[in-house]
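S.K.: This is a predicted model, with the sequence first.
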Amino acid sequence: MKRVYRSRQDRKIAGVCGGLGDYFDLDPVFFRLVFLLSILVGGLGALAYLVMWIMVPAHEGTRRDAHLLRLSATDRRIGGVCGGLGEFFELDPLLVRVAFVVLAFVGGLGILLYVVLWLVIPGPGTPAASGEQPGHP
């Protein structure tokens, strides 16, 4: 039987979204965005996250074979968000940058979205991103 665990490798706070990503075979960034949106719309996401943090056990396993969204290590202008999105969706990062600039003129939405993605997308050097154990080449 498949079980839900909190991830110890793919985590921003407690590994809840990383564990949900493992369980549903989806990128944990999507769960991070869902929790963030639910927190902004009523706060229920914070309660759900806290309950899962307390009740769901931690696990050491990682998703090594998945194609996950990460900040780019090579194509970085500010934070690597556009480069990472370009690598994930196999797009030219310049197109992603143009989209963020256009959205920036719509009430600052592009800037807000960029900052949120910068906070929720894991960095390029995380062990979960490369499948390596810390300290091993």
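M.R.: Yep, it's here.

S.K.: My read is that Ser7 contacts Val56, right?
M.R.: No - Ser7 is not in contact with Val56 according to C-beta atoms under 8 Å; the separation is 10.1 Å. C-betas here are computed from N, CA, C, even on glycine.

S.K.: overlap in contacts of the two?
M.R.: Gly19 (C-beta atoms under 8 Å, 6 or more residues apart in numbering).

S.K.: Comparing these two, which residue is more hemmed in?
M.R.: A count of neighbours by other C-beta atoms under 10 Å puts Ser7 above the other of Ser7 and Val56, at 24 against 18.

S.K.: distance of the more buried one from Tyr114?
M.R.: 25 Å (C-beta to C-beta, to the nearest Å).

S.K.: same thing with Asp75?
M.R.: For Asp75, the distance to Tyr114 - C-beta to C-beta - is 15 Å.

S.K.: Please name the residues that touch the nearest residue to Ala58 once chain neighbours are set aside.
M.R.: Leaving aside its sequence neighbours, Ala58 sits nearest to Arg6 (C-beta to C-beta, 6 or more residues apart in numbering; 4.6 Å). Taking C-beta under 8 Å, 6+ apart as the criterion, Arg6 is in contact with 14-16, 18-19, 52-53, 56-59.

S.K.: out of those residues, who has the most neighbours?
M.R.: Ranking the contacts of Arg6 using other C-beta under 10 Å puts Gly18 first, with 29 neighbours.

S.K.: And that residue, how far from Ile78?
M.R.: Taking C-beta to C-beta, one finds Gly18 at 25 Å from Ile78.

S.K.: ok, Gly79 - contacts?
M.R.: Neighbours of Gly79 in contact, by C-beta under 8 Å, 6+ apart: 71, 114, 118.

S.K.: Go ahead and build a ChimeraX selection from the buried members of those residues.
M.R.: The buried residues among these can be selected in ChimeraX (16 or more other C-beta atoms under 10 Å) with this line:
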select :71,114
